[in-house]
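Enquirer: What shape does this take:
(one chain, ligands or ions: 2)
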Amino acid sequence: MKVLLVNPPGISSKYKRDPFINFSSMPLGLAYVAAVLEKNDIQVEAVDCPPLDVSNEQLAKHIERTQPDVVGVQALTTSIYSAVEVADNVKKASPKTHVVFGGYHPTFCPEQTLNSSRSIDAVVRGDGEYTFLKLVRSLEAKRNNDGKKKIRGLSFRDGKKIIHTPNAPLIKNLDQLPFPARHLFPNDKYSILGLQLPSFTMVSSRGCPFGCSFCAVSAFYGSTWRPRSAPSVVSEIESLKPNRGVYGVAFMDDMFALSKKRTLEICKLMKERRTNCVWGATVRADTVTYDLLRAMHDAGCVIIFLGVETGEQEILDKIRKGETVEQMKRILKWTSSIGIDTVASVAFGLPGETKKSMMKTIDYVNALKPDHAIFALATPYPGTKFYGEAVEKGWIVDNDFTNYTLFKPLIETSDITKDDLKAFLKYAYIRFHINPTWLPRRLIREARVAATKYGMTLYFKNLAWLMRSLKRNFFILR
Ligand code: B12
Ligand code: SF4
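Expert: Ligands and ions are numbered 1, 2, ... in the order given. As a prediction, this is how the structure comes out:
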């Protein structure tokens, strides 16, 4: 059996031009699926189209040449149309190839996905590793639909009907999974926040127990949190270590530091095993203490990502964030005194938003003084409670999923219009970066981090990055 896994061409290629992130990351979900296939002696290839700038036409030619038995396609909401184009091209180039979709969008909308094109043969819902493996085995044994009916977590067409088998159980022990098959991906094409270091992403846990109404993650994993053990996490970090020098690791977990015990253990092992990496992770303001942040910093943590969302407590309560603005102020004070950089992620247009609350948020974020701020627009992704509310109240004014990028206004309420959202997004970026203290603060911080962590050559390289990111930030204002 020859399997090809595809991350379709999509908005990530625009990412490079996109404002802040300059963040290009391996599709770890596909890399995990690939690792499990390889472990089971199945021949697998992967094409990550966005960082390689592979177009749908080039991919089709590759498929025509290689004639894989199964093509697995990852689809997020923004990339769903591009994924469907991949499926149609596969069937034209190699009609016998079985086309399987997986990832967030097909998991939440399996019926809609299968109905969007007859080229899609099946959808894998939820954790993909074992469901996909079972499907490949079943296809190998030519069991067709009878085989599929026995596999949990699948949706597929049976004549005119669509069959959904019961959900597959979540993978209980993530330590038992092999490390992602990174060798199948173009590692040199990925970068984290433009860092001038070899950089990697990884996940040390899956899911999040908090049920914020706008978030797809808690909906996807059913508000559960599955941590890997500290030794497994640190072994993976060690496996990434280049021959010499410092390297960067970004944890893509949604909830890295939920368990204080596990976080401390990871930090202790990183120090003991001299992993020598600088790293960053997403944390919630209410799950960390000053001491924990100190321990993280001692173990190489240089940056944390915070879901600030809004400065209006009433909105935080409405979206069931379960955090307070006071907790956010406290963590920003801690990180600034410890010397950990912060990225504040802000969303305009959440339920209850008004022009007044957006202005309050902008003032609040500027007063918090994070090192970076990502201002985005609340986007109703299918499967979330926010989506349900937005549909029910008729807020959604744009149903084109390619626009679900977090930067395009899609909703209108009695209090805010698309134009308001656009205008506030623009104003937020201007206010944040034209703040006279921002640039000097960044230069001092860069120097401090460079001197302690990277050495001065990287300081100058990172200064160049700072200037580039400033330019990029203003790109969004056009
Ligand atoms: C890292 C990351 C990125 C990276 C890499 C994305 C990628 N292709 O994997 C980058 C920076 C490129 C990115 C970009 C965007 N992202 Co993003 N991203 C993430 C993040 C934080 C981690 C992804 C990850 O590695 N997860 C861990 C792995 C193990 O899980 P997984 O990817 O879901 O894969 C598992 C299953 O889904 C399934 N599976 C996945 N694909 C396939 C394919 C097949 C064939 C099969 C069988 C199974 C399968 O099996 C996998 C293993 O169990 C998630 C949040 C999250 N926790 O998942 C958001 C998330 C996926 N991103 C999201 C969004 C909104 C975006 C952007 C629109 C944001 C933007 N404009 O900046 C873009 C869209 C890019 C696009 N191509 O459309 C949303 C998606 C919502 C949705 N309904 O689509 C998420 C859920 C964040 C959130 N909380 O809302 N992202
Ligand atoms: S927004 Fe963050 S805290 Fe809320 S459910 Fe999603 S991952 Fe968890």
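
Enquirer: going forward, measure contacts and count neighbours with C-alpha atoms only.
Expert: OK.

Enquirer: Where does Phe132 sit: helix, strand or coil?
Expert: helix (DSSP: H, G, I helix; E, B strand; the rest coil).

Enquirer: For ligand 2, see how far away the residue lying closest to it once chain neighbours are set aside is.
Expert: Closest residue to Phe132 apart from its sequence neighbours, by Cα to Cα, 6 or more residues apart in numbering: Val124 at 6.7 Å. According to Cα to the nearest ligand atom, to the nearest Å, Val124 and ligand 2 sit 22 Å apart.

Enquirer: Tell me how many other residues crowd Val124.
Expert: 30 (other Cα atoms under 10 Å).

Enquirer: in the sheet, who's paired with it?
Expert: Applying DSSP bridges to Val124 gives these bridge partners: Gly102, Leu154.

Enquirer: Tell me who's in contact with it.
Expert: Val100, Phe101, Gly102, Gly103, Pro106, Thr107, Thr131, Phe132, Gly153, Leu154, Ser155 (Cα atoms under 8 Å, 6 or more residues apart in numbering).

Enquirer: State the pLDDT value of it.
Expert: Looking at Val124, its pLDDT is 98.

Enquirer: From ligand 1, how far out is the nearest residue to Thr324 once chain neighbours are set aside?
Expert: Take Thr324 and drop its neighbours on the chain: the residue closest to it by Cα to Cα, 6+ apart is Gln313, 6.5 Å away. Distance of Gln313 to ligand 1, given as Cα to the nearest ligand atom: 21 Å.

Enquirer: picking up where we left off before, for the contacts of Val124, which one is nearest Ala428?
Expert: Gly103 (32.1 Å; Cα to Cα).

Enquirer: Please give me every residue in contact with the closest one.
Expert: Per Cα under 8 Å, 6+ apart, neighbours of Gly103: Gly29, Gln74, Ala75, Leu76, Val124, Arg125, Gly126, Gly128.

Enquirer: same thing with Met358?
Expert: Thr310, Phe348, Phe424.

Enquirer: Secondary structure, distance to ligand 1 and pLDDT for the residues you listed - can I get that in JSON lines?
Expert: Compiled in JSON lines, those are given as follows (DSSP: H, G, I helix; E, B strand; the rest coil; distance: Cα to the nearest ligand atom, whole Å; pLDDT from 0 to 100):
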{"residue": "Thr310", "secondary structure": "coil", "distance to ligand 1": "16", "pLDDT": "98"}
{"residue": "Phe348", "secondary structure": "strand", "distance to ligand 1": "14", "pLDDT": "98"}
{"residue": "Phe424", "secondary structure": "helix", "distance to ligand 1": "18", "pLDDT": "97"}
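
Enquirer: Show me which of those residues is closest to Ala216.
Expert: In terms of Cα to Cα, no member of the contacts of Met358 lies closer to Ala216 than Phe348, at 16.9 Å.

Enquirer: which non-adjacent residue is nearest that closest one?
Expert: Leu377 (4.8 Å).

Enquirer: Please report how far the one you found lies from ligand 2.
Expert: For Leu377, the distance to ligand 2 - Cα to the nearest ligand atom - is 14 Å.

Enquirer: Please report phi then psi for that residue.
Expert: Leu377 adopts backbone torsions of phi -110, psi 130, taken as degrees, to the nearest 10.

Enquirer: so it makes contact with Ile411?
Expert: No: the criterion here is Cα atoms under 8 Å, and Leu377 misses it with Ile411 at 9.4 Å.

Enquirer: Give the residues shared as contacts by the two.
Expert: Gly349.

Enquirer: does Leu30 sit in a helix or strand, and which one?
Expert: helix 28-39 (DSSP states H and E).

Enquirer: After that helix, which helix or strand is next? Please name it.
Expert: strand 43-48.

Enquirer: Tell me which residues of that next one come out buried.
Expert: By neighbour count with 16 or more other Cα atoms under 10 Å, strand 43-48 contains the buried residues Val44, Glu45, Ala46, Val47, Asp48.

Enquirer: The helix or strand following that strand - contacts with which helices or strands?
Expert: As assigned by DSSP H and E, the chain's next helix or strand after strand 43-48 is helix 49-52. Contacts defined by 3 or more Cα pairs under 8 Å, 6 or more residues apart in numbering; DSSP states H and E place helix 49-52 against strand 2-7, helix 12-15.

Enquirer: Give the pairing partners of the first one; include direction for each.
Expert: So the one you mean is strand 2-7. Strands adjacent to strand 2-7 in the sheet, as given by DSSP bridges, are strand 43-48 (parallel), strand 70-74 (parallel).

Enquirer: Tabulate these in JSON lines, adding columns for distance to ligand 2.
Expert: Formatted as JSON lines, those follow (distance: least, Cα to the nearest ligand atom, whole Å):
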{"stretch": "strand 43-48", "distance to ligand 2": "25"}
{"stretch": "strand 70-74", "distance to ligand 2": "20"}
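
Enquirer: closest to ligand 1 out of those?
Expert: strand 70-74 (3.4 Å; Cα to the nearest ligand atom).

Enquirer: Report whether that closest one contacts ligand 1.
Expert: Yes: residues of strand 70-74 are located near ligand 1 by Cα under 6 Å from any ligand atom, namely Gly72, Val73, Gln74.

Enquirer: Give me the pLDDT value at the first one.
Expert: The predicted local confidence for Gly72 comes out at a pLDDT of 98.

Enquirer: is it in a bridge, and if so with what?
Expert: Leu5, Val100.

Enquirer: Tell me who's in contact with it.
Expert: Going by Cα under 8 Å, 6+ apart, the list of residues near Gly72 reads Val3, Leu4, Leu5, Val6, Val99, Val100, Phe101, Gly102.

Enquirer: Apply 10 Å and report the result again.
Expert: 3-7, 30, 33-34, 46, 87, 98-102, 120, 122-124, 132 (Cα atoms under 10 Å, 6 or more residues apart in numbering).

Enquirer: cool, and the second one?
Expert: Contacts were defined as Cα under 10 Å, 6+ apart; by that measure Val73 touches 4-8, 30, 46-47, 80, 83-84, 86-87, 99-103, 120, 123.

Enquirer: List buried residues within these.
Expert: With neighbours counted by 16+ other Cα under 10 Å, the contacts of Val73 contain buried members at 4-8, 30, 46-47, 80, 83-84, 86-87, 99-103, 120, 123.

Enquirer: Okay, helices next: where are they in the stretch 351-478 of the chain?
Expert: Assigned by DSSP state H, counting those that start in this stretch, the helices in the stretch 351-478 of the chain fall at 355-368, 385-392, 418-434, 438-449, 456-475.

Enquirer: before we move on, the earlier item: hey, least reliable of the helices and strands packed on helix 49-52 by pLDDT?
Expert: helix 12-15 (a mean of 42).

Enquirer: Tell me the pLDDT of Met260.
Expert: Careful, residue 260 is Lys and not Met. Reported pLDDT for Lys260: 97.

Enquirer: do you know how far it is from Lys134?
Expert: Here Lys260 is placed at a distance of 36 Å from Lys134 (Cα to Cα, to the nearest Å).

Enquirer: neighbour count winner among those two?
Expert: Comparing Lys260 with Lys134 by other Cα under 10 Å, the one with more neighbours is Lys134, at 17 against 14.

Enquirer: Looks like that one contacts Lys149 (just checking).
Expert: No: using Cα atoms under 10 Å, Lys134 makes no contact with Lys149, being 11.3 Å away.

Enquirer: So Gly339 versus ligand 1, what's the distance?
Expert: For Gly339, the distance to ligand 1 - Cα to the nearest ligand atom - is 24 Å.
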